[in-house]
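Asker: sharing a model that was predicted from the sequence below.
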Amino acid sequence: MAFVEEEYDVIVVGAGHAGCEAALAASRLGLETIVFTVSVDSIALMPCNPNIGGSSKGHLVRELDALGGEMGKNIDKTFIQSRMLNQSKGPAVHSLRAQADKQAYTREMRRTLENQEHLTIRQGEVAELLTEVLPGDRKQIIGVRMTSGAVYHAISVVLCTGVYLNARCICGEVSEYTGPNGLRAATRLTDSLQKNGVHMFRFKTGTPARVDRRSLDFSKMEVQKGDVPVIPFSFSTDFHSVQKEQTDCYLVYTNERTHEIIRENIDRSPMYNGSIRGTGPRYCPSIEDKVMKFPEKNRHQIFVEPEGLYTNEMYLSGMSSSMPEDVQFRMYRSLPGFENVKIVRDAYAIEYDCIDALQLRASLEFMNISGLFAAGQFNGSSGYEEAAVQGFMAGVNAAMRCLGREAFVLDRSQAYIGVLIDDLVTKENQEPYRMMTSRAEYRLLLRQDNADLRLREIGHEIGLISDEEYQRTVEKQAAILSEIERLRRSYVSVNAETNAFLRRQGSSELSAGMSVSLAELCKRPELSYETLSELDPERPALSYGIREEVGIEIKYEGYIRRQRQQVETFRKLERKRIPEGTDYAEIRNLRLEARQKLSRIRPESIGMASRISGVSPADISVLLVYLEQRQRTVEGEAKKK
């Protein structure tokens, strides 16, 4: 039988947020790339929340941008409101979050993919992985087969299937085997994965109802304004281009009547009557979960967010549900301002197949299938941002394999991206993984504001950041260091004007004869680099980004120095590599659990081994002794030769 047969360097399966970044990264590195999607209209679809960023997620997007990804640029073009979260706290947890025009976001990303050189978009469902057997009980990917029978050969394949594998949407007693927003599910690939020895999980997520804004009474809600000025996500975006009129969001709270409706109907909830078997995200629970698991709380926040400039649909963040339709109407109409609400789309839960990410290397390549990479919700994570950064890393590494270059891996001390991937490939995640600032040990160093200073050089070395963009970062770094040094050398005059200023700021006055630099004053909790401009007539005109870095680096200098020392200790363990193929069964004094976990996860370094659940400090000591003895043996044999 005749069928289509083509060859590419890289195949990307799925065109959600992971697939888009994977396809763009590989094609921009010059590899002939094809991306498959069940529907071309679903490219970069936002089936759930209409925003990019948020706590810790904003860090991921800015890191992605610093490396050469697209998400930050795309949201800067299509946002309708922007806010920096957690500003009452320290800079380590400041996180940018932008409300998107969902249709515009999808349309703009699709335009980017369609006009990218070396990239082909193809609508169709991948049914089968094509592999060949390698020595040592391993396999190698050689391509994919479509449901149509067409065969596409490639050196590398990246799986970014999102929530589409055997997807099932549930709303009360109604259950349909479809993907999000009624799109077709992918029903064939799971069987092929399992035949190739891939261990699968069944996870669940959910989304709230969308309602008609014309049926809401906003006078009963708290308005949520955007920030002025707007801080762009992308370090390449012109600051002035994003200063525009923004759309309002709103805040309401559930009440005892809402909770009573949920409790009275909890037996009809698929989450509680056994209809849903997949494991849901602990950190993003449904409204029925919140009410049942936290009975002491008499209200929960609900954010009412527009889905775009040219639609009346409003998204109810914080109120995802799988309750029956009639219960949803009563539940939503119990909220202030929602007394006459009209639902456009019901809330629903969605179950889907994903993998156990412990089967992956830190490069996101399968250990037992060479050339096959995985990214996004397919890896058991949640969120657009987590998906996008994984897609980028997998796409880069798929390209590196084609080019014969070393795999690109970020460690936990370099980026939130490194924390995310390390957690996925070393920890047993029994639920959808969500990134949080608390997961990053070195979060004072890994701030969202300095992502370009940390990662731009790496993106340039990979080949995804231009010489011009990199040079701007070099100049920015030089300007920051120069201004910090100037502040250390600049001393304030002790006079009546200076002390009057300090009194106004609630700061202690200076005594006659004191010698205090501007840098020392900047470290005072009640003062900042910005407020000290009144005492600093020689201050040069600097951009917002440079001023921000100067203020943070001076104020937190001691804490930053201490954390850099901790990073050096961490890196010593990361540099102690564990040889591939190490037989842990032969290492004496390792506990049985440690042997099993190490043999399964196959860590690449002592540092990675130390983060595996079930591997104790004593086991790490045994491993260090083993590696030292092994090194002496190797050196001894080399001398004999």
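Answerer: All right, it came through fine. Residues are numbered from 1 along each chain as shown.

Asker: next up, the contacts around V242.
Answerer: By Cβ atoms under 8 Å, 6 or more residues apart in numbering, the contact list for V242 reads 76, 79, 82, 230, 232. Quick note: C-beta positions are derived from backbone N, CA and C, even for glycine.

Asker: verify the stated contact: the first one with T237.
Answerer: By that I understand D76. Yes: using Cβ atoms under 8 Å, D76 is in contact with T237, at 4.4 Å.

Asker: who has more neighbours out of these two?
Answerer: Just comparing D76 and T237: by other Cβ atoms under 10 Å the higher neighbour count belongs to D76, 22 against 18.

Asker: phi, psi of that one?
Answerer: Here is the backbone geometry of D76 (degrees, to the nearest 10): phi -60, psi -30.

Asker: measure it to I231 for me?
Answerer: 10 Å (Cβ to Cβ, to the nearest Å).

Asker: spatially nearest residue to M331, not counting backbone neighbours?
Answerer: I261 (5.1 Å; Cβ to Cβ, 6 or more residues apart in numbering).

Asker: same question, Y384
Answerer: Nearest one to Y384, counting by Cβ to Cβ, 6+ apart, is H17 at 4.5 Å.

Asker: ok, that neighbour - contacts?
Answerer: 44, 71, 376, 384-385, 387-388, 391.

Asker: per-residue pLDDT of M1, please?
Answerer: Note for M1: predicted pLDDT of 67.

Asker: hmm, I typed the wrong one, I wanted E586.
Answerer: Reading off the model, E586 has pLDDT 89.

Asker: neighbours of it, just the number please.
Answerer: Using other Cβ under 10 Å: E586 sits among 9 other residues.

Asker: what separation do you get for it and I276?
Answerer: 44 Å.

Asker: over to I75?
Answerer: 32 Å.

Asker: these two - which one has more neighbours?
Answerer: Neighbour count, other Cβ under 10 Å: between I75 and I276, I75 has more, with 31 against 22.

Asker: my guess is A154 meets G143, correct?
Answerer: Yes: using Cβ under 8 Å, A154 is in contact with G143, at 5.4 Å.

Asker: pLDDT weak spots in the stretch 1-150 of the chain?
Answerer: Residue ranges of the stretch 1-150 of the chain with pLDDT under 70: 1.

Asker: please apply the same query to the stretch 501-641 of the chain.
Answerer: Using pLDDT under 70, the stretch 501-641 of the chain drops low at 641.

Asker: please enumerate the helices of it.
Answerer: 518-522, 544-555, 557-575, 592-601, 606-610, 617-640 (DSSP state H, counting those that start in this stretch).

Asker: pipe these into JSON lines and attach mean neighbour count per row.
Answerer: Shown next, in JSON lines, are those (neighbours: other Cβ atoms under 10 Å):
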{"stretch": "helix 518-522", "mean neighbour count": "22"}
{"stretch": "helix 544-555", "mean neighbour count": "20"}
{"stretch": "helix 557-575", "mean neighbour count": "13"}
{"stretch": "helix 592-601", "mean neighbour count": "17"}
{"stretch": "helix 606-610", "mean neighbour count": "21"}
{"stretch": "helix 617-640", "mean neighbour count": "12"}
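
Asker: for those, which one sits closest to Y442?
Answerer: helix 557-575 (5.5 Å; Cβ to Cβ).

Asker: check which helices and strands that closest one is in contact with.
Answerer: Helices and strands touching helix 557-575, by 3 or more Cβ pairs under 8 Å, 6 or more residues apart in numbering; DSSP states H and E, are helix 606-610.

Asker: CA atoms only for the helix it packs on, dumped as CSV, please.
Answerer: Coordinates of the C-alpha atoms in helix 606-610 are reproduced here as CSV (Å, rounded to 0.1, in the frame of the first residue of the first chain):
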residue,chain,number,x,y,z
ILE,A,606,26.8,12.6,43.4
GLY,A,607,24.7,15.8,43.8
MET,A,608,21.9,14.4,41.8
ALA,A,609,22.1,11.1,43.8
SER,A,610,21.8,13.0,47.1
